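Asker: task: produce atomic coordinates for the following.
(chains A and B)
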Amino acid sequence: MHRLVLITGKDLRLLFFGGQGAVQAALLGLLLIFVFSLAQTQTGPLPAEWLAAVFWLSSSLGLVLIFNDLYALEETNAARIGLLMAPLPQQLIWLSKGLAGLIMLLLLQAVLLPATAVFLGLRSLPAPGLLLASLAVVDWGLVALGSLIGAVGQGHTGRDSLLTIVLLPLLMPLLIAGIRLGGALLGGRDMGHMAEWFGLAGAFDAVFTGLALLLFPLVYSES
Amino acid sequence: MIQSGKPRRHSSDRSAISVCAAGILLLMVLAQSAVWFYAPVERSLGPVQKIFYMHLPLAWWAFVAFFLVFVGSIGYLWRRSEAFDHLAAASAEIGVLFSTLVLLTGMLWARASWNTWWTWDPRLSTALVMWFIYCGYLVLRNAAVREKGKLLCAVLGIVAFADVPLVFLSARLLRSIHPAVIADKRGGLPEEMWLTLLVCLAAWGGLFAVLLRLRVSQVALKAGLDMACRDR
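Answerer: As a prediction, this is how the structure comes out:
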């Protein structure tokens, strides 16, 4: 636990004091939301699912930039070898990168959510408990897979575009669940029939957390 | 240095593939004859329904191709054998080719039966998502040329296939207007249509097998040449 906190803290410090990914992610997300707001007409507000789709699209693109930055931290001075030589299981590296990514993603969403409400005309605020539950179940899936695929992209020159092309289609079931849950929440609809979407997102989290724990040591290496 | 036995083996491989290809051609002619002259014309859709005899076998074999990517990826991680990597590479290419044709034939069929080229139908969207996933896989294959690249592709091959049931499940949760052809016993198809479908499945399956064999040998040959160039 101590080592997990140590690596996560190290990554967060480096990201806050030198990384550009989080700032770029916030700017890109805001830009996307603003561009989508131009599609609004005078006739009425956008459907709640559209709001949720724009929010999750911005979050996903932000996720790519965040993990791109997180895995680039060890590329200078062959710092990755130091991390690999540390007496800790490699899965812990995946988990710490995932935790750092989750914190950055939540910070990003703290900017994107109000921006979605302001620019895309959200009428009523969703129930905080359900909102947090939806964010938690979808965000964990995003970072579980993001942390694994982020490691796949390490060392490539066109890492950003490669990660986007590989990661976004894989996230599709989770994004569909996120959009459905977000649509119901933001539209103020009954959440009773949303259990299956929570279940789907939970299944996604479980499958990719398990696979990441299994496959990460193969992906993360010194070369 | 090329061993003396290899050219002879390549030549016998080539003739075996040629014989198989000729057999597949005959089977394809038989399948098309059954489609146009044996299977009855569907009452509500008319002749356009005959796209089904191409659309469904292509979809099934595309799925088999993606399953072989999964098998090849596991095999590579387990044995670190180049043959498994070549199988995964060739299967992914053919799977993407077949699923492209599935999407195109599906769009033609949708235009005729639903009066739209594309609709938010879960199965259409699932097919498109799978197409995107495996296009991404091919992009990674081309980007990752080093030894580690094969390892990364194998990992992605497993992750991609693990995603397929979740994509399908998410699609099922949404309402579908796509016909569930084989959902019940024989899908309510008349005998002639069912037989024609089986012949088409065999013909497209044969084509898939020949293409796969050919492409696997090409990928292996290219890998050998790349290695020879690197060693010089």
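
Asker: how far off centre is the lengthiest helix in chain B?
Answerer: For chain B, the longest helix by residue count, based on DSSP state H, is helix B:191-231. Remark: helix B:191-231 is offset 9 Å from the chain centroid, using C-alpha atoms, centre = their mean, to the nearest Å.

Asker: does residue A:124 really touch residue A:131, like I thought?
Answerer: No. Counting by C-beta atoms under 8 Å, residue A:124 stays clear of residue A:131, with 11.9 Å between them. Every C-beta, even on glycine, is put in place using the N, C-alpha and C of the backbone.

Asker: and those two? which has more neighbours close in?
Answerer: residue A:131 (16 against 10; other C-beta atoms under 10 Å in any protein chain shown).

Asker: quick one: contacts for that one?
Answerer: residue A:185 (C-beta atoms under 8 Å, 6 or more residues apart in numbering or on different chains).

Asker: before we move on, the earlier item: which strands and helices sit next to the longest helix of chain B?
Answerer: If you count contacts as 3 or more C-beta pairs under 8 Å, 6 or more residues apart in numbering or on different chains; DSSP states H and E, helix B:191-231 packs onto helix B:5-33, helix B:52-79, helix B:82-114.

Asker: can you redo those as TSV with mean pLDDT?
Answerer: Shown next, in TSV, are these (pLDDT from 0 to 100):
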stretch	mean pLDDT
helix B:5-33	80
helix B:52-79	93
helix B:82-114	92
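
Asker: okay if I get those helices as CSV plus distance to residue B:124 and mean neighbour count?
Answerer: Listed next are the helices and strands packed on helix B:191-231 as CSV, based on distance: least, C-beta to C-beta, whole Å; neighbours: other C-beta atoms under 10 Å in any protein chain shown:
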stretch, distance to residue B:124, mean neighbour count
helix B:5-33, 25, 13
helix B:52-79, 11, 21
helix B:82-114, 6, 20
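
Asker: adding distance to chain A as columns, could you present the ones you listed in a markdown table?
Answerer: A markdown table is the format used below for the helices and strands packed on helix B:191-231 (distance: least, C-beta to the nearest C-beta, whole Å):
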| stretch | distance to chain A |
| --- | --- |
| helix B:5-33 | 32 |
| helix B:52-79 | 7 |
| helix B:82-114 | 12 |
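
Asker: of all those, which lies closest to residue B:217?
Answerer: Proximity to residue B:217 (C-beta to C-beta) singles out helix B:5-33 among the helices and strands packed on helix B:191-231, at 6.4 Å.

Asker: give me the phi and psi angles of residue A:191.
Answerer: phi -90, psi 0 (degrees, to the nearest 10).

Asker: so which of the helices and strands packed on helix B:191-231 is nearest residue A:36?
Answerer: It's helix B:82-114; of these, that one is closest to residue A:36 (C-beta to C-beta) at 26.4 Å.

Asker: center of chain A - which residue?
Answerer: The residue lying closest to the centre of chain A (C-alpha atoms, centre = their mean) is residue A:63, at 4.0 Å.

Asker: what residues sit buried inside the helix or strand that that one is a member of?
Answerer: In this assignment (DSSP states H and E), residue A:63 forms part of helix A:48-72. The neighbour-count check on helix A:48-72 (16 or more other C-beta atoms under 10 Å in any protein chain shown) flags A:48, A:50-72 as buried.

Asker: how about stretch A:188-207?
Answerer: A:191, A:194, A:197, A:198, A:200, A:201, A:203, A:204, A:205, A:207.

Asker: which residues touch that stretch?
Answerer: By C-beta under 8 Å, 6+ apart, stretch A:188-207 touches A:48, A:123-124, A:126, A:130, A:133-134, A:137-138, A:140-141, A:144, A:173-174, A:176-178, A:180-181, A:183-185, B:162, B:166, B:169-170, B:173.

Asker: just checking, which of these belong to helices?
Answerer: Using DSSP H, the members of the contacts of stretch A:188-207 that fall within helices are A:48, A:130, A:133-134, A:137-138, A:140-141, A:144, A:173-174, A:176-178, A:180-181, A:183-185, B:162, B:166, B:169-170, B:173.

Asker: tell me the buried residues within these.
Answerer: A:48, A:133-134, A:137-138, A:140-141, A:144, A:173-174, A:176-178, A:180-181, A:183-185, B:162, B:166, B:169-170, B:173.

Asker: quick check: angle from the longest helix of chain B to helix B:5-33?
Answerer: Interaxial angle, helix B:191-231 versus helix B:5-33 (axes from the mean of the first three to the mean of the last three C-alpha atoms, to 10 degrees): 160 degrees.

Asker: now the angle from helix B:191-231 to helix B:82-114?
Answerer: 140 degrees.

Asker: quick one, helix B:191-231 and helix B:52-79 angle?
Answerer: 40 degrees.

Asker: contacts for stretch B:41-48?
Answerer: Against stretch B:41-48 from outside (C-beta under 8 Å, 6+ apart): B:49, B:50, B:108, B:109, B:112, B:113.

Asker: identify the farthest-apart pair in these.
Answerer: Longest span within the contacts of stretch B:41-48, C-beta to C-beta: B:50 and B:113, 12.4 Å.

Asker: chain A: helices as residue ranges?
Answerer: Using DSSP H, helices in chain A cover A:2-18, A:21-37, A:48-72, A:79-85, A:90-119, A:128-152, A:159-170, A:172-186, A:195-219.

Asker: and the third one, what other elements does it pack with?
Answerer: Just to be clear, that refers to helix A:48-72. Packed next to helix A:48-72, using 3+ C-beta pairs under 8 Å, 6+ apart, are helix A:2-18, helix A:21-37, helix A:90-119, helix A:128-152, helix A:159-170, helix A:172-186.

Asker: ditto for the second one
Answerer: The contact analysis (3+ C-beta pairs under 8 Å, 6+ apart) places helix A:21-37 against helix A:2-18, helix A:48-72, helix A:90-119.

Asker: list the buried residues of that helix.
Answerer: Result for helix A:21-37 [16+ other C-beta under 10 Å]: buried residues A:21, A:22, A:24, A:25, A:26, A:28, A:29, A:30, A:32, A:33, A:36, A:37.

Asker: and that helix, average pLDDT?
Answerer: Helix A:21-37 comes out with an average pLDDT of 87.

Asker: list the contacts of it.
Answerer: So helix A:21-37 is contacted by A:15-16, A:50, A:54-55, A:57-59, A:61-63, A:65-66, A:68-70, A:104, A:107-108, A:111-112, A:115-116, A:119-121 (C-beta under 8 Å, 6+ apart).
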